[in-house]
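*Asks:* Sequence and predicted structure below; questions after.
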Amino acid sequence: AQSVTQPDIHITVSEGASLELRCNYSYGATPYLFWYVQSPGQGLQLLLKYFSGDTLVQGIKGFEAEFKRSQSSFNLRKPSVHWSDAAEYFCAVGSIITGNQFYFGTGTSLTVIP
Amino acid sequence: NAGVTQTPKFQVLKTGQSMTLQCAQDMNHEYMSWYRQDPGMGLRLIHYSVGAGITDQGEVPNGYNVSRSTTEDFPLRLLSAAPSQTSVYFCASSYGLAGAGGTQYFGPGTRLTVL
C-alpha cells in the first residue's frame, strides 16, 4: 500500500533562513506527489504538485520541491522564510491504480521566529 | 465564487445521534471528497464522488454514508455517532480525480465532537 512519511513533526526556523521539509513515500511506481499548506483554523491549499518530467517543481509563495526517485523523496524547500509561512505542511501521494486513492502524511508544523 | 463551503463550523453530538455535514461547491467540479483530520494522523479519505449519482469508499468509510444528487452538493451522514468520530472534517472538490492529480480545493472544515 502507498504511504507517506514526514519525519519532522515540528520545525522552527528564523525569519529569512532557508527551509527544507522532508517527505518520503512508499509506492511501486511513480506516484502523483503534492504539498499542501494549512494555516491555523483553515482548510488546505495546494502549494505544488509533481506528475512527471522535470524533477524540480515550482509552486506558489516561493516554494519548490524536488522529486528524487532513488531516495523516494519529495522534499519541500524555500530559500528565505517569511513569518507568514508559519503553518502546517502536508505531503500527499495520489494513485488511481486501485480506485481513487489519496494519502496524506502526518504533517510538519512550522514555527517562524523573528 | 464562494469555492467550497461547509456547514456547520462546529457541532457537538451525543453518542448515537445522527447528523449530516453539508458541503457545497460552486466551481462545477465533478469530483468531491470527504476527509477527516485527526491529531498526528494527517487527513484520511472517507468517501468520494466522481459525479452526480456516483460515490465510492475511501480509506476510512465505516460509520459514514454519502450521496450525490447534484453536482454542487455532497453531504456526509453519520447515522449513529460514536466518540471515535470526533474529528475535523474537510470537504474538497476538484476537476479531476485526486488520485490522478486533480487539484483539490478544500472547505474550511467542520469540527465535530461526539460525547
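*Replies:* Received, thanks. Numbering: from 1, shown residues only, chains lettered A, B, ... in the order given.
*Asks:* so what's residue 10 up against?
*Replies:* Going with chain A. Shown in contact with A:His10 (Cβ atoms under 8 Å, 6 or more residues apart in numbering or on different chains): A:Thr108, A:Ser109, A:Leu110, A:Thr111. Quick note: C-beta positions are derived from backbone N, CA and C, even for glycine.
*Asks:* That was the other one, I meant chain B.
*Replies:* B:Phe10 sits in contact with B:Thr110, B:Arg111, B:Leu112, where contact means Cβ under 8 Å, 6+ apart.
*Asks:* now for the host helix or strand of A:Thr111, which elements pack on it?
*Replies:* Taking DSSP states H and E as the criterion, A:Thr111 maps to strand A:108-113. When contacts are defined as 3 or more Cβ pairs under 8 Å, 6 or more residues apart in numbering or on different chains; DSSP states H and E, strand A:108-113 packs onto strand A:10-14, strand A:19-21, strand A:87-95.
*Asks:* Looking at those, which one is packed in the most?
*Replies:* The highest mean neighbour count among the helices and strands packed on strand A:108-113, using mean count of other Cβ atoms under 10 Å in any protein chain shown, belongs to strand A:87-95: a mean of 23.
*Asks:* relative to strand A:10-14, how tilted is it?
*Replies:* Taking axes from the mean of the first three to the mean of the last three Cα atoms, to 10 degrees, one finds strand A:87-95 and strand A:10-14 inclined to each other by 130 degrees.
*Asks:* so how far is B:Leu45 from A:Val37?
*Replies:* Remark: distance between A:Val37 and B:Leu45 (Cβ to Cβ, to the nearest Å) = 19 Å.
*Asks:* Sketch out the low-pLDDT regions of chain B for me.
*Replies:* Nowhere does chain B drop to pLDDT under 70.
*Asks:* So which residues on it come close to chain A?
*Replies:* Taking Cβ under 8 Å from any Cβ of the partner chain as the contact definition, chain B meets chain A at B:4, B:33, B:35, B:40-45, B:48, B:50, B:56, B:58-59, B:90, B:92, B:97-101, B:103-104, B:106-109.
*Asks:* Which of those fall within strands?
*Replies:* B:4, B:33, B:35, B:42-45, B:48, B:50, B:56, B:90, B:92, B:106 (DSSP state E).
*Asks:* what sits against the residue nearest the centre of chain B?
*Replies:* Centroid check for chain B by Cα atoms, centre = their mean gives B:Trp34 as the closest residue, at 2.7 Å. With contact set as Cβ under 8 Å, 6+ apart, B:Trp34 has these partners: B:21, B:23, B:45-48, B:58, B:64, B:66, B:74, B:76, B:89-92.
*Asks:* The nearest residue to it once chain neighbours are set aside and chain A: what is the separation?
*Replies:* In space, and not counting its chain neighbours, B:Trp34 is closest to B:Ile46: 4.4 Å by Cβ to Cβ, 6 or more residues apart in numbering or on different chains. Using Cβ to the nearest Cβ, to the nearest Å, B:Ile46 is found at 11 Å from chain A.
*Asks:* I'd say B:Ile46 and B:Pro61 touch.
*Replies:* Yes: look at B:Ile46 against B:Pro61 with Cβ atoms under 8 Å: they come within range, at 5.9 Å.
*Asks:* so the closest residue to B:Asp56 other than its chain neighbours bridges to which residues?
*Replies:* Excluding the flanking residues, the one nearest B:Asp56 by Cβ to Cβ, 6+ apart is B:Tyr48, at 6.0 Å. Assessed by DSSP bridges, B:Tyr48 has beta-bridge partners B:Ser33, B:Asp56.
*Asks:* Go through the lowest-mean-pLDDT helix or strand in chain A and flag the buried ones.
*Replies:* Of the helices and strands making up chain A, the lowest-confidence element is strand A:101-104, at a mean of 85, by mean pLDDT, DSSP states H and E. By 16 or more other Cβ atoms under 10 Å in any protein chain shown, the buried positions in strand A:101-104 come out as A:Gln101, A:Phe102, A:Tyr103, A:Phe104.
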